[in-house]
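Asks: have a look; sequence and predicted model below, questions after that.
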Amino acid sequence: MSKSPVATDTIQHGPSRSESHAPTTSSQLASNEIDGLRQQREEQTEIFRQAITKTPDFPKAGILFEDIFPIFTSPHHHEALIKAYELQTQEIVGTGQKPDVLVGLDARGFLIGPTLALRLGCSFVPVRKAGKLPGKLQTVTYEKEYGEDSFAIQDNSIPTGAKVVIVDDLIATGGSAAAAGELVKKCGGQLLGYIFIIELVGLNGRSKLDAPVYTLIESQS
Ligand SMILES: O=P(O)(O)OC[C@H]1O[C@H](OP(=O)(O)OP(=O)(O)O)[C@H](O)[C@@H]1O
Ligand SMILES: Nc1ncnc2[nH]cnc12
């Protein structure tokens, strides 16, 4: 799992299995468990990496489009993906805790958010493209890798002070995610972090975000 501040710090500062000769203490046990989790994640990440297709010059010349839909053709890979998001959410909110609200971004964040919310037993709230949601809205216009767009969220969808995690498939320029974060805050939510499958690291989208960013795969560095 790349760019995971909580997990990476724990792994880097804990003793590794090969360094440990003394009797096992509870902190070493925790470290071993983390090693096991990390290995499991690396195997899963490799599965996702192989499933994702890359298409040059789509939807515009110069864009290398990374398509996550093939992950969903296999129930096994689909399950592994939701599990990976579940583990990542646990790292953000703390073991045994859950966010109050998961916010998913139109459209590909909707592939992950509702299923994950059901697993965690929390609320799911959509951030929709402009013109799709009824009622009183908060809206924002933003730039993304291949154009400009507008997002909306329903005004009363997030209780004041609610712990919120934003999920989407990919971060490129970070424009979409930053806009969604702005909407969450306008609604009074407390933004705890973002989770993506793919990060296009060369675009440094995470620099636009002011909450921790967790990604499974780094690409296009
Ligand atoms: O980091 P950025 O440069 O903002 O780009 C990332 C966004 O672009 C894609 O969505 P898109 O707007 O293409 O919508 P879609 O999910 O309907 O395809 C992707 O799913 C992210 O939401
Ligand atoms: N290169 C890319 N591939 C897929 N979705 C994207 N959204 C923004 N940039 C993208």
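Replies: Everything's here; your move. Residues are numbered from 1 along each chain as shown. Ligands and ions are numbered 1, 2, ... in the order given.
Asks: buried set for stretch 112-125?
Replies: 112-113, 115-117, 120, 122-125 (16 or more other C-beta atoms under 10 Å). C-beta here means a position set from N, CA and C on the backbone, and glycine is covered the same way.
Asks: touching it from outside, list them.
Replies: 81-82, 85-86, 89, 98-104, 126, 153-154, 157-158, 162, 167-169 (C-beta atoms under 8 Å, 6 or more residues apart in numbering).
Asks: can I get the buried residues of stretch 112-125 in JSON lines with distance to ligand 2 and secondary structure?
Replies: Output for those, formatted as JSON lines (distance: C-beta to the nearest ligand atom, whole Å; DSSP: H, G, I helix; E, B strand; the rest coil):
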{"residue": "112", "distance to ligand 2": "14", "secondary structure": "coil"}
{"residue": "113", "distance to ligand 2": "17", "secondary structure": "helix"}
{"residue": "115", "distance to ligand 2": "20", "secondary structure": "helix"}
{"residue": "116", "distance to ligand 2": "20", "secondary structure": "helix"}
{"residue": "117", "distance to ligand 2": "23", "secondary structure": "helix"}
{"residue": "120", "distance to ligand 2": "25", "secondary structure": "helix"}
{"residue": "122", "distance to ligand 2": "26", "secondary structure": "coil"}
{"residue": "123", "distance to ligand 2": "26", "secondary structure": "strand"}
{"residue": "124", "distance to ligand 2": "21", "secondary structure": "strand"}
{"residue": "125", "distance to ligand 2": "21", "secondary structure": "strand"}
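Asks: identify the bridge partners of residue 154.
Replies: Beta bridges link residue 154 to residue 137, judged by DSSP bridges.
Asks: quick one: it and ligand 1, what's the gap?
Replies: From residue 154 across to ligand 1, the span is 19 Å (C-beta to the nearest ligand atom, to the nearest Å).
Asks: quick one: buried ones out of the contacts of stretch 112-125?
Replies: The buried subset of the contacts of stretch 112-125 - by 16+ other C-beta under 10 Å - is 81-82, 85, 89, 98-104, 126, 153-154, 157-158, 162, 167-169.
Asks: tell me the secondary structure at the spatially most central residue of the chain.
Replies: The residue lying closest to the centre of the chain (C-alpha atoms, centre = their mean) is residue 195, at 1.2 Å. Assigned with DSSP: H, G, I helix; E, B strand; the rest coil, residue 195 falls in the strand class.
Asks: list the helices and strands the strand or helix carrying residue 76 packs on?
Replies: Taking DSSP states H and E as the criterion, residue 76 maps to helix 75-93. Counting contacts by 3 or more C-beta pairs under 8 Å, 6 or more residues apart in numbering; DSSP states H and E, helix 75-93 packs against helix 5-13, helix 26-51, helix 113-120, strand 163-167, strand 190-200, strand 213-219.
Asks: so the helix or strand following it, near ligand 2 or not?
Replies: Using DSSP H and E, the helix or strand that follows helix 75-93 in sequence is strand 101-105. No: with C-beta under 6 Å from any ligand atom as the criterion, ligand 2 is not reached by strand 101-105; the gap is at least 10.5 Å.
Asks: fine, thanks again, bye for now.
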